[in-house]
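> fold the following and give me the result.
(2 chains)
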Amino acid sequence: MSEVRVRFPPSPTGYLHIGGARTALYNWLFARKYNGKLILRIEDTDADRSTQESIDGIISGLQWLGLDWDEGPYFQTQFTHEHSAAAERLLNEGKAYKCFCTREELEDKRKAALAAKQDYKYDGLCRRLTAAETAEKEAKGLPFVIRFKVDRHEIGGVSFKDQVLGVVSRTYNDIEDFVIVRSNGKPLYLLCNVVDDIRDRISHVIRGQDHLGNTARQILLYRALAAPVPEFAHMPLTLDLQKAKISKRSHGEIVAVQFYQKAGFLPWALCNFLALLGWSTSDNQEIFSRQELIAAFSLDRINKANSIFNYRKGDPKFFTDPKAISINEHYLRTMPIAELVPLVADKLREAGLWQDEYAAGQKEWFISTLDLIRSRFHTINDFVTLGRAYFSDDYEFEERAVKKNILKHEKLREWLPELADRLESLPDFTHQNIEEIMRGLAAEFGIKPGILINGARAVSTGLLAGPGMFEVAAALGRERMVGRLRHKTAGLYK
RNA sequence: GGCCCCUUCGUCUAGCGGUUAGGACGCCGGCCUCUCACGCCGUUAACACGAGUUCGAUUCUCGUAGGGGUCACCA
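Numbering: from 1, shown residues only, chains lettered A, B, ... in the order given. Here you go, the predicted structure:
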């Protein structure tokens, strides 16, 4: 294979959504696998809808995901003259023509065709204009668009071998003379895209299947411009549970990459999940490091069928596709703890819970505490919510925890402060010693150890569930543990 | 409606003529246990339908149905 050059060309009309991110990811994987180049090109020709905010969002989203590019960002509007020149060239070579039909005329014909249940395609009225007629209309100052002249003499059509779909064909008859330049002189997407891909020497166009219908027309353009036609790979689309294409408009932030960033996802976990949405290996491996995924990725193992992004609106436990969550959890508890530390530190800073000591004198404590609590967390946000009691004395009490583990046993009001006394006098505050004390005390009281243990957990962390209590106590430290048992217990009975 | 693409458990998927149709997530159950997770073990659940080709079709072909995409002077 000669030099691999692929591109990701978002139009900056909204945030980066997961479908776009997946397209970017597949392009990135392909480029990295073949030591090629990934080009980022912002397709901002639609001035009305393009915004700087959107551009910033797309770029920061890609950066967060760790998808780096080699060239760009280029901006399509920077090359308007090239697009126009290409149109001019096609016009001069007789491969395109000026069309003076008005929108109204076209609209009427379209409606008439629709009413008669006929398929509408441009009838080629202006294609049949003589040079003199064209000149005359132009002299009158009539506005015109430029249409590409689709070959009408040759039978057959355009066909290409899609890297995902296989051979895809379309007859010339099904392709109308499409507009390549607006009446205001601005070139249209179909042309711009091809001209840019030619200039950027794109070897593989990897994009969504929603572009499948554009491909035949674009191939015609490549040929007319005497440029080599790239390989195409059309990825399946991502649909929602109702099988509608996911979009920013109808699905909101759940499909925005930024949402996952805010929700405490690990960027690579999201990439890993996205990679699996429409692609797989023959051995069904599902967890991949970067290097593994780059090595394993291939276009021909991209699934042909659309996949469904499985999320249930309004279910807090599954606020997004459960598989995405489970992959995130997997990384959360298996990734090297050293890599997790800075990510959690950022979240703690945002929440105002960070202390510089965590990176200095208490570094070892900080690391081991994260390690202790991470196995039951779903996202890194959980460190500042469910994990709050480890970093602050100001934490909430879960109602169920208080009810079930405190109020149910009236005597805990005395037992827990007593436990505090015992713990305070412990020579070494290790979890083994703590266990000995707690079990011993429970025996003295003649109660099941669980009552004392769960009560202590509820008071010291505010939660119903958590890691083993003796380790929790050790992590909290003698001072905080004793203090909480002593001073926070009574208040819970009010 | 025209054109194009697609169709295996609820979801993501493996399978490329002969399999008890496999895995993952979710669900449910169990083990572990101070709780909840983790981990481990197990259960539930699928080849859209109909013809053909074949000794034999989930797999190949053709229909039907269903789904999706696209039909702009948006990208």
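
> per-residue pLDDT, the closest residue to A:Phe79 other than its chain neighbours?
Using CB to CB, 6 or more residues apart in numbering and skipping the chain neighbours, the partner closest in space to A:Phe79 is A:Asp196 (6.3 Å). The way it works is simple: take the backbone N, C-alpha and C, and place the C-beta from them, glycine included. We have a pLDDT of 97 for A:Asp196.

> show me what from the stretch 1-150 of chain A comes close to RNA strand B.
A:11, A:43-46, A:49, A:76, A:101-103, A:106, A:110, A:117, A:119-121, A:143, A:145 (CB under 7 Å from any atom of the strand).

> need the buried ones from these selected in ChimeraX.
Selecting only the buried entries of these in ChimeraX, with 16 or more other CB atoms under 10 Å as the criterion:
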select /A:11,43,44,45,76,106,121,145
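
> now do stretch A:224-242: distance to the chain's middle.
In terms of CA atoms, centre = their mean, to the nearest Å, the gap separating the centre of stretch A:224-242 from the centre of its chain is 19 Å.

> check the average confidence over it, would you?
Stretch A:224-242 comes out at a mean pLDDT of 94.

> give the buried residues for that stretch.
A:224-225, A:227, A:229-240.

> how far does stretch A:396-415 sit from its chain's centre?
Using CA atoms, centre = their mean, the offset of stretch A:396-415 from its chain centre is 42 Å.

> what residues does that stretch touch?
Identification of contacts with stretch A:396-415 by CB atoms under 8 Å, 6 or more residues apart in numbering yields A:388, A:441, A:445, A:447, A:451-452, A:454-455, A:457-459, A:462-464, A:489-490, A:492-493.

> buried ones among those residues?
If we count by 16+ other CB under 10 Å, those have these buried: A:388, A:441, A:445, A:447, A:451-452, A:454-455, A:457-459, A:462-464, A:489, A:492.

> and the strands in chain A?
Per DSSP state E, chain A carries strands over the ranges A:5-8, A:37-42, A:71-75, A:96-99, A:145-148, A:157-162, A:166-171, A:179-181, A:204-208, A:231-235, A:238-239, A:307-308.

> note down every partner strand of the third one and its orientation.
Next to strand A:71-75 in the sheet, as set by DSSP bridges, lie strand A:37-42 (parallel).

> now do the partner strand: distance to the chain's middle.
Using CA atoms, centre = their mean, the offset of strand A:37-42 from its chain centre is 18 Å.

> likewise for stretch A:256-274?
6 Å.

> got the contact list for A:Asn306?
So A:Asn306 contacts A:Gln209, A:Pro236, A:Leu237, A:Thr238, A:Leu239, A:Lys243, A:Gly278 (CB under 8 Å, 6+ apart).

> make TSV from these and add distance to A:Ile175 to it.
Formatted as TSV, these follow (distance: CB to CB, whole Å):
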residue	distance to A:Ile175
A:Gln209	18
A:Pro236	24
A:Leu237	23
A:Thr238	28
A:Leu239	27
A:Lys243	28
A:Gly278	28
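
> report the two of these separated the most.
Spanning the widest gap among the contacts of A:Asn306 are A:Lys243 and A:Gly278, at 14.7 Å by CB to CB.

> what is the burial count for the one residue in the stretch 201-350 of chain A that gets nearest to RNA strand B?
With CB to the nearest atom of the strand, the shortest gap between the stretch 201-350 of chain A and RNA strand B falls at A:Ala305, namely 3.0 Å. Using other CB atoms under 10 Å, the number of residues around A:Ala305 comes to 9.

> in space, what's closest to it - neighbours in sequence excluded?
In space, A:Ala305 comes closest to A:Pro236 once its chain neighbours are excluded; the distance is 5.8 Å by CB to CB, 6+ apart.

> which positions within stretch A:161-174 qualify as buried?
For stretch A:161-174, by 16+ other CB under 10 Å, it's A:Asp162, A:Gln163, A:Val164, A:Leu165, A:Val168, A:Arg170, A:Tyr172.

> which bits of the stretch 351-494 of chain A sit near RNA strand B?
Contacts of the stretch 351-494 of chain A with RNA strand B, taken as CB under 7 Å from any atom of the strand, map to A:375-376, A:449-450, A:453-454, A:457, A:464-471.

> hmm, 6 Å instead?
Neighbours of RNA strand B within the stretch 351-494 of chain A, by CB under 6 Å from any atom of the strand: A:375-376, A:449-450, A:453-454, A:457, A:464-470.

> looking at those residues, which are in helices?
Residues of these located in helices (DSSP state H): A:Pro449, A:Gly450, A:Ile453, A:Asn454, A:Arg457, A:Met469, A:Phe470.

> around the second one, how many other residues sit close by?
To tie it back to what came earlier, the one meant is A:Gly450. With other CB under 10 Å as criterion, A:Gly450 counts 11.

> likewise the last one?
Counted with other CB under 10 Å, the burial measure for A:Phe470 works out to 20 neighbours.

> for chain A, give me the ranges with low pLDDT.
Applying pLDDT under 70 to chain A flags residues A:1, A:153-154.

> residue contacts, A:Ser84?
A:Val181, A:Gly185, A:Pro187.

> sort out which of those are buried, if you could.
Among the contacts of A:Ser84, those buried by neighbour count (16+ other CB under 10 Å) are A:Val181, A:Pro187.

> hang on, A:Arg312 packs against A:Thr320?
No - in this structure, A:Arg312 is not within contact of A:Thr320 by CB atoms under 8 Å, at 9.1 Å.

> who's more crowded, the two?
A:Thr320 (22 against 13).

> now do the contacts for the more buried one.
A:Thr320 makes contacts with A:Ile254, A:Phe259, A:Tyr260, A:Ala263, A:Tyr311, as judged by CB under 8 Å, 6+ apart.

> weed out the non-buried ones from those.
Buried members of the contacts of A:Thr320, scored by 16+ other CB under 10 Å, are A:Ile254, A:Phe259, A:Tyr260, A:Ala263, A:Tyr311.
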